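1. here's a sequence, model it:
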Amino acid sequence: MTNRAPFLFLVTSLIVVGVIAATFRHDNYGIPWLPDTKSRIWQVEARVEFRASGGPSQVHLTLPPVQSGFELVSESAASSGWGFTIDEGNQQRRAHWTQRDVAGNQMLFYKLNLAASEESHQPNPPTHVLPIVNWDEPSRTAARHLIKTVTPITAGPHTLAVQLIQTINRTPADQNVSLLTSNYAPSELLTRVLQTANVHARSVQLLELEDGRRRQSLVEYVQVWDGEQWRLYDPQRGEVVETSHLLLWQTGQPSVLEVEGGSQSRVSFSMISQTRSSLLLAQEQAGDLALSLYNLPIAEQSMFQLIMLLPVGALVVVLMRVLIGVRTSGTFMPVLIALAFLQTDLLPGLSSFIIVVAIGLFIRSYLSALNLLLVARIATLVLLVIAIISLFSIISYRLGLIQGLTITFFPMIILAWTIERMSIIWEEEGPKEVLIQGGGSLFVAILAFLLMDLAVVRHLAFNFPELHLLILAMILLAGRYTGYRLLELKRFEALRK
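-> As a prediction, the model looks like this:
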């Protein structure tokens, strides 16, 4: 009883650490819990066109900021003969192209892949004081009259913006609104009026995402700080709630495109939508981690995909032996057999295993008459197993049974030791015990194979290695079980009565 508390603490710690680590991997690197999870990818291309006047030239293109609903997967630039860098110093990232001597029509490309994401980012509150809005008369008087008219029926920045949009777009418009709309664009007008009313507002430019669109321009909207978040407004329709198709590209100064040493500049956008595996996206993003299995070569990754399934098979063996009471030939022989089944498929592997072991037992009965030492006997069986497998593979190939070639995935030493062990049991306890332990080994191996072959188990075992701590905790719990096994209940049924 005194050792129970530390033991339970150890088991609980393993479970908690495993769950927390796996959840962290899922939340921070986007590795999905299920193998078939798909993500929507937007491929956006910005095309910059201008006419270089000769001599040195520089081009600055504002890049989208970090925002909720989208996650940057990759970005690249296509600009032959141009130097390219990404400036991170400003409040908003900018692409920077440079060339010392250039003339004539130029075309630069910037491409980025964005994944639709449910992750939300904390909004950046306004860091500057409200600017002083300069109005020309009579626009100043008209703006103040508009604010004075709308303010009494509002309760904050949000409702003020909504009422202003409704008033500005009302038909017919009054004289003050008509004067203002004739001098200012809708987004600029709404921003200036809100700032005059001491509300943090800014004009922003967004890209409306639609699959297959080409040569699109940015659209101007208005963002208003309500004290907790930036709300988005269409200056003609009101608040925008559904933003999954809107990519925020520009949030203020500097301008979207700046060209030095050129003229007639313009930027246009094209986009397509694709569906890609969430796991592949996560592997691309987690590949830079120092302790990631994704950094291993492909061949080693394939090997580890099998190795990571061994704890699952070990758990099946522990439960079947400790709780059910199934007798097997060797403690963890069924796990190795199940691992071979993963390479051969169940039915071809099962039939090949039974044939090889049956032939091996027949030959082993002759070797027992030679009175060989154990080491020599096992070595002889290894050679015989190799000969049997080689002959079996040749015959299968000649008969067109390609599945028969997969028998080579069975470990030679394991087959030889299985034959030796079953032969000893046959001599000491009879053929009945051989059938019981051999059948039990195959039964547990089949159960382990069926579990290890599940796509979700393969996915979790390799992509969330922290979950092996939960398997370890269950094995430790099963290891402390001292009650009757399930098959023993029938054995002691008469005693119970």
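2. sketch out the low-pLDDT regions of the stretch 151-300 of the chain for me.
-> Applying pLDDT under 70 to the stretch 151-300 of the chain picks out residues 253, 277, 279-292, 294-295, 297-299.
3. for the stretch 1-150 of the chain, which spans come out with low pLDDT?
-> 1-2, 89-91, 120, 122.
4. all helices for it, in order.
-> According to DSSP state H, counting those that start in this stretch, the stretch 1-150 of the chain carries its helices in the segments 4-29, 139-150.
5. which one of those helices lies nearest to D101?
-> helix 4-29 (44.6 Å; C-beta to C-beta). (C-beta placed from N, C-alpha, C; glycine too.)
6. and the closest one, what does it pack against?
-> helix 278-286, helix 468-479 (3 or more C-beta pairs under 8 Å, 6 or more residues apart in numbering; DSSP states H and E).
7. now distance to V326 and mean neighbour count too, for the helices of the stretch 1-150 of the chain, in CSV please.
-> Formatted as CSV, these follow (distance: least, C-beta to C-beta, whole Å; neighbours: other C-beta atoms under 10 Å):
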stretch, distance to V326, mean neighbour count
helix 4-29, 24, 14
helix 139-150, 79, 17
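8. of all those, which lies closest to F443?
-> Using C-beta to C-beta, the nearest of the helices of the stretch 1-150 of the chain to F443 is helix 4-29, at 28.2 Å.
9. just want the phi and psi numbers for V199.
-> phi -120, psi 130 (degrees, to the nearest 10).
10. with adjacent residues omitted, what lies nearest to it?
-> What sits nearest to V199 in space, not counting adjacent residues and going by C-beta to C-beta, 6 or more residues apart in numbering, is P157, at 4.7 Å.
11. what's around that neighbour, how many residues?
-> For P157, the count of nearby residues is 19 (other C-beta atoms under 10 Å).
12. residues in contact with it?
-> Residues near P157 by C-beta atoms under 8 Å, 6 or more residues apart in numbering: 194, 199-201, 224-227, 231.
13. those residues: which two are farthest apart?
-> L194 and G227 (13.9 Å).
14. looking at those two, which one has more neighbours?
-> L194 (24 against 9).
15. these two touch, right, the more buried one and T159?
-> No. Using C-beta atoms under 8 Å as the test, L194 is too far from T159 to be in contact (11.9 Å).
16. so Q99 sits right up against F84, yeah?
-> No. Using C-beta under 8 Å, Q99 is not in contact with F84; the gap is 10.1 Å.
17. one step back: V444 is nearest to which of the helices of the stretch 1-150 of the chain?
-> helix 4-29 (23.9 Å).
18. and Q274, that's in a helix?
-> No. Secondary structure of Q274 (DSSP: H, G, I helix; E, B strand; the rest coil): strand, not part of a helix.
19. Provide a list of residues in contact with it.
-> 40-41, 43.
20. could you redo the last one with a cut-off of 6 Å?
-> Contact analysis of Q274 by C-beta atoms under 6 Å, 6 or more residues apart in numbering lists I41.
21. same check on W230?
-> So W230 contacts 123, 223 (C-beta under 6 Å, 6+ apart).
22. offset the numbering so it begins at 699, please.
-> Understood, numbering begins at 699; the last thing we discussed is W928.
23. tell me the spacing between it and S755.
-> Separation of W928 from S755 (C-beta to C-beta, to the nearest Å) stands at 35 Å.
24. kindly report the same for L1007.
-> Following C-beta to C-beta, the distance that separates L1007 from S755 is 58 Å.
25. try P1009
-> Taking C-beta to C-beta, one finds P1009 at 60 Å from S755.
26. then L770?
-> 27 Å.
27. give me the more crowded residue out of the two.
-> Higher neighbour count among L770 and S755: S755, with 21 against 16, using other C-beta under 10 Å.
28. grab the nearest non-local neighbour of the more buried one.
-> Nearest non-adjacent residue to S755 (C-beta to C-beta, 6+ apart): G959, at 3.4 Å.
29. what's around that neighbour, how many residues?
-> 19.
30. and if you look at S1139?
-> Other residues close to S1139 by other C-beta under 10 Å number 23.
31. what of P884?
-> P884, neighbours per other C-beta under 10 Å, totals 17.
32. the protein: strands as residue ranges?
-> 736-751, 755-760, 768-776, 781-785, 792-797, 801-814, 899-906, 917-923, 928-932, 936-937, 944-948, 955-958, 960-975 (DSSP state E).
33. can you list the buried residues in the third one?
-> Buried residues in strand 768-776, defined by neighbour count with 16 or more other C-beta atoms under 10 Å: 768-771, 773, 775.
34. and the angle from that strand to strand 792-797?
-> Following axes from the mean of the first three to the mean of the last three C-alpha atoms, to 10 degrees, one obtains 0 degrees for the angle between strand 768-776 and strand 792-797.
35. return the distance of strand 768-776 from the chain's centre.
-> 17 Å (C-alpha atoms, centre = their mean, to the nearest Å).
36. put the alpha carbons of that strand into CSV.
-> Written as CSV, here are the backbone C-alpha positions of strand 768-776 (Å, rounded to 0.1, in the frame of the first residue of the first chain):
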residue,chain,number,x,y,z
PHE,A,768,-4.9,32.8,-42.5
GLU,A,769,-1.5,31.2,-41.9
LEU,A,770,1.5,31.8,-44.1
VAL,A,771,2.9,28.5,-45.5
SER,A,772,5.5,29.7,-47.9
GLU,A,773,6.4,32.7,-50.0
SER,A,774,8.8,33.3,-53.0
ALA,A,775,9.6,35.9,-55.6
ALA,A,776,10.3,35.6,-59.3
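37. surely A1153 and D734 touch.
-> No. With contacts counted by C-beta atoms under 6 Å, A1153 stays clear of D734, the gap being 7.5 Å.
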